[in-house]
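Novice: Build me a structure from this.
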Amino acid sequence: MVQSASSFDLLHHSRYSQIKMFSDFWANHLNTNGIVRNFVILCVLLILALVDIEAQEPIELQLPGQLYFYYNSQIYYVQEDSTPIPIFNKQSPILSYSWSSDGSKIAIVRNEIGVRQLAEVYNADFELLHQFELDIDFEDLHQFPVAWSSDNDALLLISTPENDLPQIVVLPLDTTVEEATIDFPLADSEEISKVYWSPDARYLLYQTSIPQGIVIATAGPETEIPQPETYDLYLFDLETQMTTFITSSSYWNCVAWSPQGNLFAGVSDYIRETETPWLLRANQLQIYDVNASIVSIINIEFEPTSALLCPLAWSNDAEQIAISYGTLSEGDPGEYSNMGADILTYQSGISAIDLASKEYHVVGVSGALSLQFIAYQAVSIEWSPDDTWIAVGALYNAFRDVRLFSYDTGEEVVITVDGQPLFDPAWRAQNE
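Specialist: Residues are numbered from 1 along each chain as shown. This next block holds a predicted model:
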């Protein structure tokens, strides 16, 4: 029987985050007196309980589409009033899932621990249509996402056979497609670190990494310093099986495809003019077409100390890209003044970049936090079908939750389920 998640699990961000910050701050800084520290923590917990009671009623959002996320073996559906309910549970951990482009089917890859690993296809009512037992390493299934073919008639997965080069595995869903494997053209020293499927699975962007080893510092005492890995990005055309080199950098990631699959964006770094040495490197958004030509470059400079974080997400009208960013700024040293150093605060948030005007629209901000704390960081970003809401899979103080941001108002709603880590919010297309 489907049961609604407890209303205690739905917490409005504006009040809850303030109390969470208060609790964390005093729990960390009143450590000279254990009795006082424990008393403060107890008081904060009582306040949290009162806030939970006040927040029992679901928030009336009227979401513009169907939103899903998963935890362990369960997939949850977020109702229009923002209450999550479990709708799928096979008692085995889910590794990845993906809706077909028309929203009629969902592919689920899961691990029956100690038994087998499965790729399954269900209809929108979660009735089983296809099941494949996989001969693919668990780490590959966990690391690389499942994808749909352009006609939704096949699934595509990544496999790295032992002592062999990675392969693309094609699993047919009807008789018009044959099961197949396609080899990656990799050098022996290269390893695949990330893959990004185009929406129609015609193209696959894949990132390789090559460790650079150890170098000796030239200034001061001789010290062994590990060099950063070099990341190469390639575009692989599954129809022609041709590979195109895109770019190489020690920092080039956060890749995202446009909805039409004709453009992709990524983040690189560049050297800017500044008198502060540790702020020399800044981020820029680079947009390419499938011919490996640069279409646009946008420098990311919210503040002099801002940094663009992963991931990125194109709006469905392909006019904007949502990004996660973090900003450092100097704060009041306060009780730390005897340390002889300024205190830095960290602020993270979600913004959308208009690709035509290159202007920023701030969607949501987590608030300024001392570096003693960790503000939330987006792990995944998904626009709603009408681009009015952005769903974010967020990492907050080593905890994962789902956050909804209103594009127009900046309203933020945090969804949790029994304190469990939640993964990969995804909107289902409704073309029926």
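Novice: When you work out contacts or count neighbours from here on, use the C-alpha atoms and nothing else.
Specialist: Fine.
Novice: What's the local residue count around Val109?
Specialist: Neighbours of Val109 under the rule other Cα atoms under 10 Å: 24.
Novice: contacting residues for it?
Specialist: Ile94, Leu95, Ser96, Tyr97, Gln117, Leu118, Ala119, Glu120, Leu141, Val146 (Cα atoms under 8 Å, 6 or more residues apart in numbering).
Novice: The second one reaches Ile113, doesn't it?
Specialist: No: in terms of Cα atoms under 8 Å, Leu95 does not count as a neighbour of Ile113; the distance is 11.7 Å.
Novice: tally of neighbours for the closest residue to Phe69 other than its chain neighbours?
Specialist: Of all residues not flanking Phe69 in the chain, Pro425 sits nearest, at 4.3 Å (Cα to Cα, 6 or more residues apart in numbering). Number of residues near Pro425 (other Cα under 10 Å) recorded here: 27.
Novice: Assess the claim that Pro425 and Val392 are in contact.
Specialist: Yes: using Cα under 8 Å, Pro425 makes contact with Val392 at a distance of 6.8 Å.
Novice: okay, and the common contacts of these two?
Specialist: With Cα under 8 Å, 6+ apart, Pro425 and Val392 have common neighbours Ser380, Ile381, Glu382, Val402.
Novice: which among those gets closest to Cys310?
Specialist: When the shared contacts of Pro425 and Val392 are compared for distance to Cys310 (Cα to Cα), Ser380 wins out at 8.0 Å.
Novice: my read is His142 is in a helix, agree?
Specialist: Yes: secondary structure of His142 (DSSP: H, G, I helix; E, B strand; the rest coil): part of a helix.
Novice: What pLDDT is listed against it?
Specialist: At His142, the predicted lDDT confidence score is 77.
Novice: State the number of residues packed around it.
Specialist: His142 has 15 neighbours, counted by other Cα under 10 Å.
Novice: For it, give its distance to Ile321.
Specialist: His142 sits 27 Å away from Ile321, going by Cα to Cα, to the nearest Å.
Novice: Repeat that for Ala378.
Specialist: Applying Cα to Cα to Ala378 and Ile321 gives a distance of 14 Å.
Novice: With Pro421 instead?
Specialist: 26 Å.
Novice: between those two, who's got more neighbours?
Specialist: Per other Cα under 10 Å, whichever of Pro421 and Ile321 has more neighbours is Ile321, with 21 against 18.
Novice: Not counting sequence-adjacent ones, nearest residue to that one?
Specialist: Trp314 (4.4 Å).
Novice: what sits against that neighbour?
Specialist: Counting by Cα under 8 Å, 6+ apart, Trp314 has contacts Ala256, Trp257, Ser258, Pro259, Gln320, Ile321, Ala322, Trp383.
Novice: How much space separates it from Tyr206?
Specialist: 19 Å.
Novice: show me where the stretch 101-250 of the chain has strands.
Specialist: 105-112, 116-123, 128-133, 147-148, 154-159, 167-172, 180-183, 191-197, 203-210, 214-216, 224-226, 230-237, 242-249 (DSSP state E, counting those that start in this stretch).
Novice: Pick the most buried one from these.
Specialist: strand 147-148 (a mean of 25; mean count of other Cα atoms under 10 Å).
Novice: where does the stretch 1-150 of the chain have low pLDDT?
Specialist: Regions of the stretch 1-150 of the chain meeting the criterion pLDDT under 70 cover residues 1-61.
Novice: Just the helices from it, written as ranges.
Specialist: With DSSP state H, counting those that start in this stretch as the criterion, the stretch 1-150 of the chain has helices at 13-29, 34-54, 138-143.
Novice: Check which residues of the last one are buried.
Specialist: By neighbour count on 16 or more other Cα atoms under 10 Å, the buried set for helix 138-143 is Phe138, Asp140, Leu141.
Novice: Mind putting these into JSON lines with distance to Lys358?
Specialist: Formatted as JSON lines, those follow (distance: Cα to Cα, whole Å):
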{"residue": "Phe138", "distance to Lys358": "41"}
{"residue": "Asp140", "distance to Lys358": "37"}
{"residue": "Leu141", "distance to Lys358": "37"}
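Novice: which among those gets closest to Tyr71?
Specialist: For the buried residues of helix 138-143, the nearest to Tyr71 is Leu141 (16.2 Å; Cα to Cα).
Novice: From Ala119, how far off is that closest one?
Specialist: According to Cα to Cα, Leu141 and Ala119 sit 10 Å apart.
Novice: When Leu95 and Ile113 are compared, which one has more neighbours?
Specialist: Applying other Cα under 10 Å to Leu95 and Ile113 shows that Leu95 carries more neighbours, namely 25 against 10.
Novice: For that one, list the residues it contacts.
Specialist: With Cα under 8 Å, 6+ apart, Leu95 has these contacts: Ile108, Val109, Arg110, Asn111, Leu141, His142.
Novice: Would you reformat the contacts of Trp314 as CSV and include pLDDT, secondary structure and distance to Ile353?
Specialist: Listed next are the contacts of Trp314 as CSV, based on pLDDT from 0 to 100; DSSP: H, G, I helix; E, B strand; the rest coil; distance: Cα to Cα, whole Å:
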residue, pLDDT, secondary structure, distance to Ile353
Ala256, 92, strand, 14
Trp257, 95, strand, 15
Ser258, 96, coil, 14
Pro259, 95, coil, 16
Gln320, 95, strand, 5
Ile321, 94, strand, 5
Ala322, 91, strand, 6
Trp383, 94, strand, 13
